[in-house]
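Peer 1: compute the structure for the input listed below.
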Amino acid sequence: ALSRYFLSVPFYRLEAYPAMMGVPVPDATQWDQVERVADSAYMVFEHLVNLAAQGELIYQDDTSVRILSLMRENKHLESASGASPRTGMHRTALVVESGGHTICLYFSGRAHAGENLKAMLSKRNAHLEAPLVMSDALDQNEAEGIDLIRCHCMAHGRRKFTEIESAFPEACEEVVEALKAVFDHEEKTRKDQMSDEERLAYHQAYSKPVMATLKSSMETQR
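Peer 2: Reported below is the predicted structural model:
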């Protein structure tokens, strides 16, 4: 399982190694053994999903993925008539801080990050406060109907301005410099090992005025 899915060595190549040792293990047999591992680990995964649903802070993101069974299904759907179904494939990463532990979960399929987040948070205890959820501002990250505190990533926002800085140097410099000041404040909170409450108070005292000035300037330009 590790050789195939961690080191990315195909089963047919792995087949050659035990054969050299005098104990041939065909690729189909390897798959049977890997599936037994997966079946055993699935209960652990489900338990981690339940634990993560109770977390205080969640980071989420999507990337593209190629799933052969879904690709074959897409090909069949393309040839069929009727309304166009969803054909996109996503791998969602949900990294959750829960009770002093970090839980990393991956979901691959047609569901995007927002849908996977919504499914996970549907297992959350009703008496818990809304979790903080960090992501970029892409619509696909939204989980409609779920109580959460959405935090949009400053680094993603800053990147868009650095990408066009050569075309609009003065306007972009104002944004980049303002965010640099906020990042410097964040670095200080980490160096001083501030608690969450101290970190929040520090940003409210020093970063909030910077962001308020930037917001006012951008609204005026708009």
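Peer 1: hey, let's count contacts and neighbours off CA atoms from now on
Peer 2: Noted.
Peer 1: backbone phi and psi for the residue lying closest to Cys104 once chain neighbours are set aside, please?
Peer 2: Excluding its sequence neighbours, the residue lying closest to Cys104 (C-alpha to C-alpha, 6 or more residues apart in numbering) is Val95, at 4.5 Å. Per-residue torsions, Val95: phi -110, psi 120 (degrees, to the nearest 10).
Peer 1: thought Val95 was touching His101?
Peer 2: No - applying C-alpha atoms under 8 Å as the test, Val95 and His101 come out as separate, 10.4 Å apart.
Peer 1: more neighbours: these two, which one.
Peer 2: Val95 (20 against 11; other C-alpha atoms under 10 Å).
Peer 1: so that one bridges to which residues?
Peer 2: Going by DSSP bridges, Val95 is paired in beta bridges with Tyr59, Cys104.
Peer 1: which parts of the lowest-mean-pLDDT helix or strand in the chain are buried?
Peer 2: The weakest-scoring helix or strand in the chain, judged by mean pLDDT, DSSP states H and E, is helix 68-79 (a mean of 84). By 16 or more other C-alpha atoms under 10 Å, the buried positions in helix 68-79 come out as 74, 77.
Peer 1: low-confidence regions, the protein specifically.
Peer 2: 81-84 (pLDDT under 70).
Peer 1: what's the helix or strand for Ala38?
Peer 2: Under the criterion of DSSP states H and E, Ala38 resides in helix 27-53.
Peer 1: tell me which residues of that helix are tucked away?
Peer 2: 27, 30, 34, 49-53.
Peer 1: what of stretch 164-177?
Peer 2: 172, 175-176.
Peer 1: so which residues of this structure form helices?
Peer 2: For the chain, the helices defined by DSSP state H occupy 2-5, 11-20, 27-53, 68-79, 113-121, 154-163, 169-191, 196-221.
Peer 1: for those helices, give me CSV that also has distance to Pro85.
Peer 2: Putting these into CSV (distance: least, C-alpha to C-alpha, whole Å) gives the following:
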stretch, distance to Pro85
helix 2-5, 30
helix 11-20, 33
helix 27-53, 28
helix 68-79, 8
helix 113-121, 17
helix 154-163, 30
helix 169-191, 40
helix 196-221, 40
